[in-house]
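Peer 1: no FASTA, just this:
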């Protein structure tokens, strides 16, 4: 009888140790997956804000093109450009962009700056003709669309990452549930067998 109790006790202790180890592992994996989801959600939110900032920048460009130059419109455009650049810096800091995307966006921003400087120089010095306005507007559209394509790709990648994390979480929940049920069954069978 003593041997039987010792064996049962060892099995119960072993089962509880395995359960504790599994709880620790699931806690660590849960924390890791939660961090990935938070990061992905943060990047998606920042990308949406970046997109809004780019659209606001485009809106201010249109105001300058349609309504003409004024110091107030220029200041609103500068604020929109600062917001746009700040959001770009946030995305770079989050590691949301690949080196290639950073390079493309920086080239696009550099081209934007050159075009804006020329545009402001021209608009301050003389009244732009309709052809000149159309050329600037087309160029601004092209630059904006180039950035939006990159932004959309980032958004798609983060959505895919988020979906992967969700599916990993589901798989882990299923695996741990099965293992916990098996260990519980092992404990019950051993206890009942030895009663």
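Peer 2: Here it is on my side, so go on. Not measured: the values here are computed from a predicted model.
Peer 1: Is residue 134 within a helix or a strand, and which one?
Peer 2: For residue 134, the host element (DSSP states H and E) is helix 130-193.
Peer 1: packing partners for that helix?
Peer 2: Here helix 130-193 touches helix 2-67, helix 99-125, going by 3 or more CB pairs under 8 Å, 6 or more residues apart in numbering; DSSP states H and E. Every C-beta, even on glycine, is put in place using the N, C-alpha and C of the backbone.
Peer 1: Just send these back as a markdown table, with mean pLDDT and mean neighbour count too.
Peer 2: Formatted as a markdown table, these follow (pLDDT from 0 to 100; neighbours: other CB atoms under 10 Å):
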| stretch | mean pLDDT | mean neighbour count |
| --- | --- | --- |
| helix 2-67 | 82 | 14 |
| helix 99-125 | 80 | 14 |
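Peer 1: which one of those lies closest to residue 185?
Peer 2: Across the helices and strands packed on helix 130-193, residue 185 has its closest neighbour in helix 2-67 (10.2 Å, CB to CB).
Peer 1: these two touch, right, residue 65 and residue 132?
Peer 2: No: if you go by CB atoms under 8 Å, residue 65 and residue 132 don't touch, sitting 10.0 Å apart.
Peer 1: number of nearby residues for the residue nearest to residue 97 when sequence neighbours are not counted?
Peer 2: For residue 97, ignoring the flanking residues on the chain, the nearest one in space by CB to CB, 6 or more residues apart in numbering is residue 91 at 5.5 Å. By the criterion of other CB atoms under 10 Å, residue 91 has 20 neighbours.
Peer 1: One more: residue 77?
Peer 2: 20.
Peer 1: give the contact list for it.
Peer 2: Residue 77 makes contact with 57, 60-61, 63-64, 116 under the criterion CB atoms under 8 Å, 6 or more residues apart in numbering.
Peer 1: hmm, which two among those are most spread apart?
Peer 2: 63 and 116 (13.4 Å).
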